[in-house]
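Peer 1: Give me a model of this one.
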Amino acid sequence: MDSTLFDHPIYGLAHTNKQALLLPELQRLTQHHARHCAEYANLLDAFGVDPDRPPQRLEDFFPLAARLFKSHRLKSILDGQVFKTLSSSGTSGQPSRIFLDRENAALQSKVLVRIMQHWLGKQRLPLLIADHAGVMADRQSFSARAAGIQGFSFLGRDPCHALKADMGCDLPALLAFVERYQDQPLLIFGFTYMVWQYLLPALEAHDIQLPQAILLHGGGWKKLQALAVDNAAFKARLAGRGIRRVHNYYGLVEQTGSVFVECEQGYLHAPLFTDVLVRDPLRGRICEPEETGALQLFSLLPTSYPGHVLLTEDLGQVLGEDDCPCGRQGRYFRVLGRIAQAEKRGCSDAY
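Peer 2: As a prediction, this is how the structure comes out:
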């Protein structure tokens, strides 16, 4: 990746200017992966895509179906270069496997920190994790849940795992953390369902108020939807514990580090290094604003595997670009759920 990209504001480029930066990088990645990943090259060839004649628009890039990472070992590095393997936490079927070399792992961490500093500030806050420490046990082969915890742990300090392995509350640890940090800014990280099902009941049972907390959460909405819990109800219950700064985020293990964070208006934003389109899953055309289709995600981060242009199995809508009331530039969107019959997947749902 061109290092000068880090000189630009993370949400400060109008979409036209941003696309001018993304296009050459995506073109380079397509050529790189076609040279170093035989399976990807075969797919391009089968669909008549010439990597040496790169597209001039985002919508013309060939999207790889994200589910292919479940059935194929897609990587653009040698076996001896694999530094870490990430696995999705699907509730059924074969998990995705993502192979990282040291350079790609470092790039993911660097970009994730850059994105989240925009929302949280540069000061590392005390970190309360809505999970147990055992999920981090295998340092070589991470689940998406463990990778999320590790990635976001870089943003905090003095981490406290609020849960035990049986998902019960680790009450001594939680109360000690609250006693130290209750009256100052702190960060809570967790997967959505686990915050709802395990952390919030503990806070309520012991009448713990955290008025200066910032909650960052993602994944696990399917279980809450089954309980008729929507985003508004989720935030209302958090407000009962004094927690009013709440940011949902959306991301895939297939593009770890490229996270889309919810703004104050309730919309997800594409930061620098990424973009999003919505594609009609039946006809393949690009959907109009506010039209529902499959999310297609772009990221400059996947250098060790061909995950730079992915067609997901998530439904969503692009709502606009450069005109969100929050003031951030670029495209903003919402996620509506899974395409019918798509395999269940998710970080917290795996529990």
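
Peer 1: For Asp275, which phi and psi angles does the backbone take?
Peer 2: phi -160, psi 170 (degrees, to the nearest 10).

Peer 1: for His15, that is, sorry about that
Peer 2: Residue torsions, per degrees, to the nearest 10, at His15 are phi -60, psi -40.

Peer 1: neighbours around the closest residue to it other than its chain neighbours, how many?
Peer 2: Nearest residue to His15 in three dimensions, chain neighbours excluded: Glu321, at 4.4 Å (Cβ to Cβ, 6 or more residues apart in numbering). For every residue, glycine as well, the C-beta is placed using N, CA and C. By other Cβ atoms under 10 Å, the residues close to Glu321 number 20.

Peer 1: for Arg73, same thing?
Peer 2: 12.

Peer 1: That one - that's part of a helix, no?
Peer 2: No - with DSSP: H, G, I helix; E, B strand; the rest coil as the criterion, Arg73 is assigned coil and is not in a helix.

Peer 1: Beta-bridge partners for the closest residue to it other than its chain neighbours, please?
Peer 2: Closest residue to Arg73 apart from its sequence neighbours, by Cβ to Cβ, 6+ apart: Arg97 at 6.8 Å. Beta bridges link Arg97 to Ser87, judged by DSSP bridges.

Peer 1: Look up the pLDDT of Ala350 for me, please.
Peer 2: We have a pLDDT of 38 for Ala350.

Peer 1: what's the answer for Gly218, then?
Peer 2: 87.

Peer 1: what residue ranges in the stretch 1-150 of the chain score low on pLDDT?
Peer 2: Within the stretch 1-150 of the chain, the stretches with pLDDT under 70 are 89-93, 137-144.

Peer 1: where do the helices sit along it?
Peer 2: 15-36, 38-46, 68-71, 102-120, 144-153 (DSSP state H, counting those that start in this stretch).

Peer 1: I'd like these as JSON lines, with mean neighbour count and distance to Asp183 appended.
Peer 2: Output for the helices of the stretch 1-150 of the chain, formatted as JSON lines (neighbours: other Cβ atoms under 10 Å; distance: least, Cβ to Cβ, whole Å):
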{"stretch": "helix 15-36", "mean neighbour count": "17", "distance to Asp183": "40"}
{"stretch": "helix 38-46", "mean neighbour count": "15", "distance to Asp183": "52"}
{"stretch": "helix 68-71", "mean neighbour count": "18", "distance to Asp183": "45"}
{"stretch": "helix 102-120", "mean neighbour count": "18", "distance to Asp183": "18"}
{"stretch": "helix 144-153", "mean neighbour count": "22", "distance to Asp183": "23"}
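
Peer 1: Ok, which of those comes nearest Asp275?
Peer 2: Among the helices of the stretch 1-150 of the chain, the nearest to Asp275 by Cβ to Cβ is helix 15-36 (6.0 Å).

Peer 1: which residues touch the closest one?
Peer 2: 1-2, 5, 8, 13, 40-41, 44, 51-52, 54-58, 61-62, 76-77, 272, 275, 298, 300, 302-303, 305-306, 308-309, 321-322, 329-331 (Cβ atoms under 8 Å, 6 or more residues apart in numbering).

Peer 1: Send me that helix as PDB with only the CA atoms.
Peer 2: Extracted C-alpha coordinates of helix 15-36, given in PDB (Å, rounded to 0.1, in the frame of the first residue of the first chain):
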ATOM      1  CA  HIS A  15     -16.000  10.200  -2.600                       C
ATOM      2  CA  THR A  16     -14.700  11.300  -5.900                       C
ATOM      3  CA  ASN A  17     -11.300  12.100  -4.400                       C
ATOM      4  CA  LYS A  18     -11.300   9.000  -2.400                       C
ATOM      5  CA  GLN A  19     -12.000   6.800  -5.400                       C
ATOM      6  CA  ALA A  20      -9.100   8.300  -7.200                       C
ATOM      7  CA  LEU A  21      -6.800   7.000  -4.400                       C
ATOM      8  CA  LEU A  22      -8.500   3.600  -4.100                       C
ATOM      9  CA  LEU A  23      -8.500   2.700  -7.800                       C
ATOM     10  CA  PRO A  24      -4.800   2.300  -8.500                       C
ATOM     11  CA  GLU A  25      -4.300   0.400  -5.200                       C
ATOM     12  CA  LEU A  26      -7.100  -2.000  -6.100                       C
ATOM     13  CA  GLN A  27      -5.800  -2.400  -9.600                       C
ATOM     14  CA  ARG A  28      -2.400  -3.200  -8.100                       C
ATOM     15  CA  LEU A  29      -3.800  -5.700  -5.700                       C
ATOM     16  CA  THR A  30      -5.800  -7.500  -8.400                       C
ATOM     17  CA  GLN A  31      -2.600  -8.000 -10.400                       C
ATOM     18  CA  HIS A  32      -0.600  -9.000  -7.400                       C
ATOM     19  CA  HIS A  33      -3.100 -11.700  -6.400                       C
ATOM     20  CA  ALA A  34      -3.500 -12.900  -9.900                       C
ATOM     21  CA  ARG A  35       0.300 -13.500 -10.000                       C
ATOM     22  CA  HIS A  36       0.600 -15.100  -6.600                       C
END
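
Peer 1: that older thread, any of the contacts of helix 15-36 buried? List them.
Peer 2: By neighbour count, with 16 or more other Cβ atoms under 10 Å, the contacts of helix 15-36 hold 1, 13, 40-41, 44, 51, 54, 58, 61, 76-77, 272, 275, 298, 300, 302-303, 305-306, 308-309, 321, 329-331 as buried.

Peer 1: packing partners for the longest strand anywhere in the chain?
Peer 2: Using DSSP state E, we find that the single longest strand of the chain is strand 309-321. In terms of contacts (3 or more Cβ pairs under 8 Å, 6 or more residues apart in numbering; DSSP states H and E), strand 309-321 is packed against helix 15-36, strand 64-65, strand 274-279, strand 293-299, strand 331-338.
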